[in-house]
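Visitor: For reference, the sequence and a predicted model appear below.
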Amino acid sequence: MNNMIKISLLNCALLFSSIMLSQEQKLLSRKYNIDPRFKHYNSIRRKELSNIDSILNSKLPYRYLLSPDWRANKAQSLCFRDSVFNLYTLGTSYGEFDRCEITSVHRLNWSDMNPYLMGKCKTGNCYKVEMFNFNENITSLAIVDVSLSEILLIDHVKYLQPQISERMEKLAVELVLHHPEVRAILGFRPTEEDVIMASTKTSLARSKCERSRHLCVAPTIVYNGKALWAIVDLTDIDIVGFRWTEVGANDTIAAPNFTEKNLQNEYIYDCYCIRDKQFKNDLWEFNYGLTSSDGLRISDVKYQGKKILESCKLVDWHVSYSPTEKFGYSDAVGCPYYSSAVVGAIQIPEWDTIIENGQAVGLRLTQIYSSDLWPQPCNYNYEQKYEFYNDGRVRVGAASLGRGCGSNGTYRPVFRIHFYGGNKSFYQWGKSDWDEINFETYFLHDEISKLAPENLLYKIKSDQWTYGIQPSMGQFQDGGKQDFAYTYISLHHKNKEEGDNDLPSLGQCCNTNYEQGPEKFIDSIPEPVSDSDFIIWYVPQAKNENSKGAEYCWAETVSVLGVKQYKTYPCYMGPMLIPMKHEK
């Protein structure tokens, strides 16, 4: 039987089984109706479900993360004793504890903290604790000063997916390796070394993974020019589907295993992750540094002594491989150590001069992130850049350098742009003039969107300056095409975990509509944003292509002077921030 047909039939059975099991589990509370089809596979599920049952009936009814770092364990202990942190551990509808698990505890770098936390965390021993509620899909976040035994910040965010812990990753791989259909589809028994991307979050249409209703990951096995995805539901502890994607001709070669890799990573971490660097010249002044999972962040950005940006960073990469079935990955980029970044930085941030018509017109700051085995299939390579022009313009950009897990992928970076000031106004270009936006909302730039002079789409005005936002339409001479971006405006709350500090993944990877993640920060009753402090979220999109002569978001191996090298076809996205004539 054709492998594609096998998977199609298997998925129907799996999805039905998953739905039935979940309904019975709800009816039977914590008694299990385990599908007996596969002995070893079911024994893994039974063991995990038994552990969950034991934890829920213990004195400490949530799964903690035992760490060799005593400070991390103390941070958890302080959170367990705090009533606000535990606000969502007890199910309100039935009076029993919800299934909750500490998914991450890590020491915060200075680059991960906003100025408020920097002022509060004077000891330098502040830890971030993440707990996920599997029933309510709520991630509880706490910042703890371990030295002072004090919790500095607590927030609870619905549909904000947590970091995948090492325990979860191992469980997902074990389920894949022991599922009989995996061997039947591939024709051989895979080993742990064959499985990649096990900690990368995913989604699958018509299953409970869709819209982040369940926490799911996608361990992937590349074989014979294709990638087999196993969609593992970590909420139900079950595989809910399989998918093939084409990865193109497997003509890439394995990236060399650099002996200096550890030294490079240590240098990157020590010099660019622990605390920010400062830059200053005659025109520009700002801080920059690598975050744990929000890419390269710039902050306190001043032009000619006037503060323009509070901060700007790259929160997520959403990679979708099917507009109808909605499956793909959520990638985070950031520091190579002590972070939740799936794709880590492989070199320090690099500076170069922007030359136009033979003249130096600005400076460019670039950061590269890469999977260890790139450019092999199902390995990723991203570039992030900030361009600072002498005339006050700032380009916020990012690109996929290929090759990913298929030739039909759509890449969506999630930028968070925080202009400086608490009394700003936001405008959208109407039919012939600027229309002020008074409440939180979102917009989609498409083929029929009206543009102001200079191809501006939006305008931000403060007491001291006015800036316009120009979307990429192929005019930036970096190979990029149309952004066709969703733009979101959300009111800034200093007392909530909405991106001032490092953010976990923003949930759904694969929607094609406005549900790209930032909508979570727009209230059901939108708050006013006129003359206020607000955040701009910018989510462009690019479709990859591997056709000869039209490659885009792609990579391949070529021969240069008799030596194999990697050739990339970047798909740059992101807006230009342009100073405008300011009228008070």
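Guide: Cool, got the structure. Residues are numbered from 1 along each chain as shown.
Visitor: what's the neighbour count on Phe135?
Guide: Rather than Phe, residue 135 is Asn. By other CB atoms under 10 Å, the residues close to Asn135 number 16. (C-beta placed from N, C-alpha, C; glycine too.)
Visitor: Identify the residue nearest it in space, chain neighbours excluded?
Guide: Of all residues not flanking Asn135 in the chain, Asp98 sits nearest, at 4.0 Å (CB to CB, 6 or more residues apart in numbering).
Visitor: shouldn't that neighbour be in contact with Thr89?
Guide: Yes. Contact criterion CB atoms under 8 Å: Asp98 and Thr89 qualify, at 6.0 Å.
Visitor: Give me the common contacts of these two.
Guide: Asn133 (CB atoms under 8 Å, 6 or more residues apart in numbering).
Visitor: before we move on, back to that, against Ile55, how distant is the residue nearest to Asn135?
Guide: To Ile55, Asp98 is 11 Å away according to CB to CB, to the nearest Å.
Visitor: Please apply the same query to Phe132.
Guide: Taken as CB to CB, the span from Phe132 to Ile55 is 14 Å.
Visitor: okay, the two: which has more neighbours?
Guide: Shown here are Phe132 and Ile55; by other CB under 10 Å, Phe132 has more neighbours (28 against 17).
Visitor: what's the nearest residue to that one if we skip its chain neighbours?
Guide: Closest residue in space to Phe132, ignoring its immediate chain neighbours: Pro162 at 4.3 Å, by CB to CB, 6+ apart.
Visitor: The one you found contacts Glu130, doesn't it?
Guide: Yes. The pair Pro162 and Glu130 qualifies as a contact (CB under 8 Å) at a distance of 4.8 Å.
Visitor: Return every residue with contacts to both of these two.
Guide: Listed as contacting both Pro162 and Glu130 by CB under 8 Å, 6+ apart are 103-104, 139, 504.
Visitor: Which of those residues sits closest to Ile368?
Guide: Pro504 (22.9 Å; CB to CB).
Visitor: My guess is the closest one contacts Ser292. True?
Guide: No. With contacts counted by CB under 8 Å, Pro504 stays clear of Ser292, the gap being 9.8 Å.
Visitor: biggest separation within the shared contacts of Pro162 and Glu130, which pair?
Guide: Checking the shared contacts of Pro162 and Glu130 with CB to CB, the most distant pair is Ser104 and Thr139, at 9.8 Å.
Visitor: Mutual contacts of these two, please.
Guide: What both Ser104 and Thr139 touch, as defined by CB under 8 Å, 6+ apart, is the set 130, 162.
Visitor: Domain map for the protein?
Guide: Domain assignment for the chain by automatic domain parsing gives 3-55+165-246, 64-158, 261-579.
Visitor: May I see those organised as a markdown table, with mean pLDDT added?
Guide: Formatted as a markdown table, the domains of the chain follow (pLDDT from 0 to 100):
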| stretch | mean pLDDT |
| --- | --- |
| domain 3-55+165-246 | 69 |
| domain 64-158 | 85 |
| domain 261-579 | 87 |
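Visitor: quick revisit: tell me which entries of the shared contacts of Pro162 and Glu130 lie within strands.
Guide: Under the assignment DSSP state E, those contribute 103-104, 139 to strands.
Visitor: Looking at the residues you listed, which one is closest to Arg63?
Guide: Thr103 (9.1 Å).
Visitor: shouldn't that closest one be in contact with Leu160?
Guide: No. Counting by CB under 8 Å, Thr103 does not reach Leu160; the two are 11.4 Å apart.
Visitor: Three-state assignment for Tyr116, please.
Guide: At Tyr116 the chain is in helix, as set by DSSP: H, G, I helix; E, B strand; the rest coil.
Visitor: where's the spatially closest residue to it that is not a sequence neighbour relative to Val529, distance?
Guide: Leaving out its chain neighbours, the residue that sits closest to Tyr116 by CB to CB, 6+ apart is Lys494, at 6.6 Å. Separation of Lys494 from Val529 (CB to CB) stands at 15 Å.
Visitor: Of the two, give the one with the bigger neighbour count.
Guide: Neighbour totals were compared for Lys494 and Val529, and Val529 leads with 22 against 11 (other CB under 10 Å).
Visitor: Show the contacting residues for the more buried one.
Guide: 426, 437-440, 489-491.
Visitor: any chance of those in JSON lines, plus neighbour count and distance to Ser472?
Guide: Converted to JSON lines, the contacts of Val529 look like this (neighbours: other CB atoms under 10 Å; distance: CB to CB, whole Å):
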{"residue": "Phe426", "neighbour count": "24", "distance to Ser472": "20"}
{"residue": "Ile437", "neighbour count": "19", "distance to Ser472": "22"}
{"residue": "Asn438", "neighbour count": "14", "distance to Ser472": "27"}
{"residue": "Phe439", "neighbour count": "14", "distance to Ser472": "27"}
{"residue": "Glu440", "neighbour count": "21", "distance to Ser472": "25"}
{"residue": "Ile489", "neighbour count": "23", "distance to Ser472": "20"}
{"residue": "Ser490", "neighbour count": "24", "distance to Ser472": "22"}
{"residue": "Leu491", "neighbour count": "19", "distance to Ser472": "27"}
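Visitor: circling back: and the shared contacts of Pro162 and Glu130, which is closest to Leu228?
Guide: Out of these, the member with the shortest distance to Leu228 (by CB to CB) is Thr103, at 26.1 Å.
Visitor: And the longest strand belonging to the chain, what's buried?
Guide: Assignment by DSSP E gives strand 306-320 as the longest strand of the chain. For strand 306-320, a neighbour-count test (16 or more other CB atoms under 10 Å) marks 307-320 as buried.
Visitor: Pull the distance from it to the chain's centre.
Guide: 12 Å (CA atoms, centre = their mean, to the nearest Å).
Visitor: go on, stretch 519-538?
Guide: Its chain's average C-alpha position is 20 Å from that of stretch 519-538, according to CA atoms, centre = their mean.
Visitor: How about stretch 446-456?
Guide: For stretch 446-456, the distance to the chain centre is 29 Å (CA atoms, centre = their mean).
Visitor: first vs last residue of that stretch, how far apart are they?
Guide: Distance between the boundary residues of stretch 446-456 (CA to CA, to the nearest Å) amounts to 13 Å.
Visitor: do the same with stretch 427-439
Guide: One end of stretch 427-439 sits 11 Å from the other (CA to CA).
Visitor: Check stretch 88-101 too.
Guide: Stretch 88-101 has an end-to-end distance of 12 Å (criterion: CA to CA).
Visitor: go on, stretch 188-195?
Guide: End to end - CA to CA - stretch 188-195 spans 13 Å.
Visitor: neighbouring contacts of that stretch?
Guide: Against stretch 188-195 from outside (CB under 8 Å, 6+ apart): 173, 176-177, 182-183, 219-221, 223.
Visitor: quick one: which helix or strand includes Arg167?
Guide: Taking DSSP states H and E as the criterion, Arg167 maps to helix 166-177.
Visitor: quick one: contacts of that helix?
Guide: The contact list for helix 166-177 (CB under 8 Å, 6+ apart) reads 41, 44-45, 48, 65, 103, 182, 189-192, 195, 198-199, 217, 219, 221, 230, 232, 234, 237-239.
Visitor: Can you select the buried ones from those in ChimeraX?
Guide: If you want just the buried ones from the contacts of helix 166-177 in ChimeraX, going by 16+ other CB under 10 Å, the selection is:
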select :41,44,45,48,65,103,182,190,195,198,199,217,219,221,230,232,234,237,238,239
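Visitor: Pro518 and Phe534: what is the separation?
Guide: The value you get for Pro518 to Phe534, if CB to CB is used, is 12 Å.
Visitor: My error: substitute Asn408 in the last question.
Guide: On the measure of CB to CB, Asn408 and Phe534 end up 36 Å apart.
Visitor: same check, this time on Asp238
Guide: 41 Å.
Visitor: Please apply the same query to Asp276.
Guide: Distance check for Asp276 against Phe534: by CB to CB, it reads 24 Å.
Visitor: same thing with Tyr272?
Guide: Following CB to CB, the distance that separates Tyr272 from Phe534 is 29 Å.
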